[in-house]
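>>> how would this look folded up:
(one chain, ligands or ions: 1)
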Amino acid sequence: MGKLIDGKAIAAGMRKEMASQVAELEAKGVTPGLAVVLVGEDPASRVYVSMKNKACAETGIFSDEYKLPGETTQEELLGLIEKLNNDSRIDGILVQLPLPKQIDEKVVLDAISPFKDVDGFHPYNVGRLVTGSPVFQPCTPFGVMKMLEATGVELAGKDVVIIGRSNIVGKPVALMCLAASATVTICHSRTENLPEKVGRADVVIAAVGRPEMIKGAWIKPGAVVIDVGVNRVGEKKLVGDVEFEAAKERASAITPVPGGVGPMTITMLLFNTLESAKGRASQQ
Ligand code: NDP
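Numbering: from 1, shown residues only. Have a look, this model is predicted:
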């Protein structure tokens, strides 16, 4: 049976280390600051924003929360972003998605200063990742890489198979694995012979959003399995994209859902904010 990759424990260790680095910066007169912008009343977004604020507070990061009404115009939101871009207390800006339909998400994300883009979605940061000189890397795939590192998985020369090609997870994690010298295959909804491709992988990274579609029997014995998927089945149960019970019998290491990749995402948001604040401190 495979080892469980405990995202909660890895995240907790990183947050503890970050809290002491925040304290060191404080001593130099720099408090890392994250602005969190929420537009409208989406209940899931409200939960995510409050989790982010709580995580900031626990780490000593100052979080500045902006709750705007659902009828906010694009111009008003762009005005706030401009103000935050120029606010010297703010090291990172996070605009919670999705935005209401009168606002063009792309225009808003592009307006965030690339040097405060702690979500790593600005074309500047995407370009830096593509060219192998990343500044801010997107939080979920960055968290996946940290988990692999913490588990001692060496990627160089390994076959990594990623299922999913979104801009948020699949594509950036593929670039990060490539930068780590893995041989990368990206699969998607048009991929043929998916079981055969997954069966060749030393490392499987699933980011699809379909409950347990990656079957345990597809996994090569000894492979490492990272399950990014979060799918609600029934009232309360959450499952990943991988058939966990069967896959864990074949894998050498596997992430659970929940308690795997999930806790890493916010941790990497804090990490990016702290890195940004270190940059500010070094310029003082
Ligand atoms: P998207 O819906 O943007 O992308 C899903 C990808 O899966 C697409 O590339 C799609 O292919 C591919 N796909 C869909 N069906 C199949 C199939 N039958 N066979 C192979 N590939 C398929 O999702 P995200 O990348 O945003 O998220 C993926 C999952 O990760 C979700 O469950 C989401 O909730 C979770 N997630 C978890 C996070 C965390 O913090 N733990 C953070 C972000 C996401 P195509 O491009 O061809 O349509």
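>>> Going by C-alpha atoms from here, please, whenever you check contacts or count neighbours.
OK.
>>> near the ligand, which residues of this protein?
Residues of the chain found near the ligand, taking Cα under 6 Å from any ligand atom as the criterion, are 140, 163-166, 168-170, 187-190, 207-209, 228-231, 261-262, 265.
>>> Counting neighbours, what do you get for M268?
26 (other Cα atoms under 10 Å).
>>> Helices of the stretch 1-150 of the chain, residue ranges please.
Counting by DSSP state H, counting those that start in this stretch, the segments of the stretch 1-150 of the chain that form helices are 7-27, 43-59, 74-85, 105-111, 123-130, 139-150.
>>> Just name the most buried of those helices.
Per residue and on average, the most neighbours among the helices of the stretch 1-150 of the chain fall to helix 139-150, with a mean of 21 (mean count of other Cα atoms under 10 Å).
>>> what angle separates it from helix 7-27?
Between helix 139-150 and helix 7-27, the angle comes out at 100 degrees (axes from the mean of the first three to the mean of the last three Cα atoms, to 10 degrees).
>>> Let me have the helices of the stretch 1-150 of the chain in CSV, extended by mean pLDDT.
What follows is the helices of the stretch 1-150 of the chain, written out as CSV (pLDDT from 0 to 100):
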stretch, mean pLDDT
helix 7-27, 97
helix 43-59, 94
helix 74-85, 98
helix 105-111, 97
helix 123-130, 98
helix 139-150, 98
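>>> Kindly reformat those helices as CSV containing distance to K236.
Shown next, in CSV, are the helices of the stretch 1-150 of the chain (distance: least, Cα to Cα, whole Å):
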stretch, distance to K236
helix 7-27, 20
helix 43-59, 14
helix 74-85, 35
helix 105-111, 30
helix 123-130, 35
helix 139-150, 23
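>>> Looking at strand pairing, list the partners for D64.
Partner residues in beta bridges with D64, using DSSP bridges, are A35.
>>> burial of it, as a residue count?
The burial count assigned to D64 is 15, neighbours taken as other Cα under 10 Å.
>>> So it sits against P32, correct?
No - no contact is recorded between D64 and P32 when judged using Cα atoms under 8 Å, the distance being 10.8 Å.
>>> check contacts around D241.
Applying Cα atoms under 8 Å, 6 or more residues apart in numbering, one finds that D241 lies in contact with 206-214, 227-231.
>>> could you redo the last one with a cut-off of 10 Å?
By Cα atoms under 10 Å, 6 or more residues apart in numbering, the contact list for D241 reads 163, 205-215, 226-231, 257.
>>> of the residues you listed, buried ones?
Neighbour-count burial (16 or more other Cα atoms under 10 Å) applied to the contacts of D241 gives 163, 205-212, 214-215, 226-231, 257.
>>> one step back: shared neighbours of D64 and P32, anything?
Common neighbours of D64 and P32 are listed as C56, R89, I90 (criterion: Cα under 10 Å, 6+ apart).
>>> out of those, who's nearest Q96?
Using Cα to Cα, C56 is the member of the shared contacts of D64 and P32 that sits closest to Q96, with 15.3 Å.
>>> quick one: the closest one and M268 touch, right?
No - taking Cα atoms under 10 Å as the definition, C56 is not a contact partner of M268, at 11.4 Å.
>>> In helices only, show me the buried ones among the contacts of D241.
The helices, defined by DSSP state H, take in nothing from these.
>>> So which of those are in strands?
Secondary structure assignment by DSSP state E places I163, I205, A206, I226, D227, N231 of the buried ones among the contacts of D241 in strands.
>>> Make a markdown table from those and add pLDDT to it.
Conversion of these to a markdown table gives the following (pLDDT from 0 to 100):
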| residue | pLDDT |
| --- | --- |
| I163 | 99 |
| I205 | 99 |
| A206 | 98 |
| I226 | 98 |
| D227 | 98 |
| N231 | 96 |
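>>> from these, which is closest to E41?
Checking those against E41 by Cα to Cα gives N231 as the nearest, at 22.1 Å.
>>> Now do the same contact list for L77.
If you count contacts by Cα under 10 Å, 6+ apart, L77 has them with V37, V39, L68, K83, V95, I103, V108, A111.
>>> pretty sure the third one contacts E41?
Yes - using Cα under 10 Å, L68 makes contact with E41 at a distance of 8.9 Å.
>>> Point me to the residue of the stretch 1-150 of the chain nearest the ligand.
Closest approach between the stretch 1-150 of the chain and the ligand, counting by Cα to the nearest ligand atom: T140, at 5.4 Å.
>>> Excluding chain neighbours, give the residue nearest to that residue in space.
Leaving out its chain neighbours, the residue that sits closest to T140 by Cα to Cα, 6 or more residues apart in numbering is T265, at 4.7 Å.
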